[in-house]
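Trainee: Build the 3D model from these lines:
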Amino acid sequence: MELTPDLRKELLKAQRTEITEYHVYHNIAKTLPDEENRRVVEEIGDDEKRHYEIWKGYTGQEMQPNRFQIWLYTTISKVFGFTFGFKLMELGEEKAQVNYEKIADEIPEARDVIRDEDEHEDKLLEMLDEETLIYAGSVVLGLNDALVELTGALAGLTLAFRDVNIIALSGLVTGIAASLSMAASEYLSTSSEESDKNPIKAAIYTGIAYILTVALLILPYLLLEDPLLALGITLSTSVVIIAVFNFYISVAKNEPFGRRFFEMAGLSLGVAAFSFLIGFLIRQWLGVEI
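Mentor: Below is the predicted model:
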């Protein structure tokens, strides 16, 4: 069939997307320890190659894959888990499906491609059993607790002491003690439940999430001399941590980003503001000058 310039451009773009994803799926499949998951991912990759051949049949032109995207999605999948990497890549496919809908009247195979992509999403959902996602609740507990408790504590200490060294020392002692306490609580909570989670692993995930958050929040007090500037950077860091983690969960588990993000950010910043006020009142009441 005779292709219009716009339709040809769309098909060439689709070709490059499909051949890129073929390589991503096969690269990641090699790293998967579970044989069934590896087989499913390889089949999805072969479907992408077949889609590429369909579009090539219309354009008559070879397209090279996007090497940067192959590296990017392969690396993301290795670092953050294959489910997150695949889902992030699938977001791009969802945008491409809009173009497929536009050309479906002229090229009937486009509807078959759309159906295949929907089936891919269903198959990936069935694979949602990675350890990082199973223990996501433990990570949420550690992150949320550290953000709420430590931002509040640092805000109060900033107004009470106004000395970055004392604030950092107090925050570290508080944070380390709290991380051990939270890890122990998660262990006891998980061991008393009927769950697929290992209590020791759940405790480790909670503790590590807590202590890493503590380190990031206290870092400005170790690097700067102005306590108020350090507090501002700490609060900004807490919002960034909340945004990054919620983006990860929203992509990997198909959960809404906005509600959870604003809930966590509002709680963390609200406690910090209240603690800041408490620190000011206590300083005035006791007349402490440090």
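
Trainee: Now stretch 281-290: average pLDDT?
Mentor: Stretch 281-290 shows an average pLDDT of 59 in the prediction.

Trainee: per-residue confidence at the closest residue in space to Thr151 that isn't next to it in sequence?
Mentor: Excluding its sequence neighbours, the residue lying closest to Thr151 (C-beta to C-beta, 6 or more residues apart in numbering) is Ala272, at 4.2 Å. Where you see a C-beta, it was placed from the backbone N, CA and C, and this is true even at glycine. For Ala272, the pLDDT comes out at 72.

Trainee: In this structure Ala272 contacts Leu150, no?
Mentor: No: the pair Ala272 / Leu150 is not scored as a contact, 9.2 Å apart, by C-beta atoms under 8 Å.

Trainee: Just want to know which of those two has more residues nearby.
Mentor: Leu150 (28 against 24; other C-beta atoms under 10 Å).

Trainee: where exactly do the helices run in the stretch 1-150 of the chain?
Mentor: With helices called from DSSP state H, counting those that start in this stretch, the stretch 1-150 of the chain shows them at 5-29, 35-59, 67-80, 82-103, 109-126, 131-134, 136-161.

Trainee: Columns distance to Val214 and mean pLDDT on top of the ones you listed, output as TSV?
Mentor: TSV is the format used below for the helices of the stretch 1-150 of the chain (distance: least, C-beta to C-beta, whole Å; pLDDT from 0 to 100):
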stretch	distance to Val214	mean pLDDT
helix 5-29	33	87
helix 35-59	35	87
helix 67-80	22	86
helix 82-103	24	69
helix 109-126	34	74
helix 131-134	21	62
helix 136-161	6	74
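
Trainee: Would you mark the buried spots in whichever strand or helix holds Leu188?
Mentor: Under the criterion of DSSP states H and E, Leu188 resides in helix 164-191. For helix 164-191, a neighbour-count test (16 or more other C-beta atoms under 10 Å) marks 164, 167-172, 174-175, 178-179, 182-183, 186-187, 189-190 as buried.

Trainee: Next secondary structure element downstream of it?
Mentor: helix 199-223.

Trainee: Who are the packing partners of that following helix?
Mentor: helix 136-161, helix 164-191, helix 227-253 (3 or more C-beta pairs under 8 Å, 6 or more residues apart in numbering; DSSP states H and E).

Trainee: of those helices, which approaches Ile76 most closely?
Mentor: Closest approach to Ile76 among these is made by helix 227-253 (10.3 Å; C-beta to C-beta).

Trainee: Please state the offset of that closest one from the chain centre?
Mentor: Chain-centre distance of helix 227-253: 12 Å, with C-alpha atoms, centre = their mean, to the nearest Å.

Trainee: Report how many residues lie close to the residue lying closest to Pro65 once chain neighbours are set aside.
Mentor: Leaving aside its sequence neighbours, Pro65 sits nearest to Thr20 (C-beta to C-beta, 6+ apart; 4.2 Å). Counted with other C-beta under 10 Å, residues neighbouring Thr20 total 23.

Trainee: Would you mind measuring from the residue nearest the centre of the chain to Ile242?
Mentor: In the chain, the centroid-proximal residue (C-alpha atoms, centre = their mean) is Tyr248; its distance is 1.8 Å. From Tyr248 across to Ile242, the span is 11 Å (C-beta to C-beta, to the nearest Å).

Trainee: can you list residues touching both of those two?
Mentor: Residues touching both Tyr248 and Ile242 (C-beta atoms under 8 Å, 6 or more residues apart in numbering): there are none.

Trainee: Could I get the contacting residues of Phe274?
Mentor: Phe274 neighbours (C-beta under 8 Å, 6+ apart): Gly152.

Trainee: tell me which element it falls in.
Mentor: Counting by DSSP H and E, Phe274 is part of helix 257-286.

Trainee: burial count for the residue nearest to Val24 when sequence neighbours are not counted?
Mentor: Residue nearest to Val24 in three dimensions, not counting chain neighbours: Tyr73, with 4.7 Å by C-beta to C-beta, 6+ apart. Residues contacting Tyr73 under the criterion other C-beta under 10 Å number 24.

Trainee: Was I right to think Tyr73 contacts Leu91?
Mentor: No: applying C-beta under 8 Å, one finds Tyr73 not in contact with Leu91, separated by 11.1 Å.

Trainee: so what are the domain limits for the chain?
Mentor: Using automatic domain parsing, the domains assigned to the chain come out as 5-129, 132-286.

Trainee: For Ser191, give me its contacts.
Mentor: Pro199.
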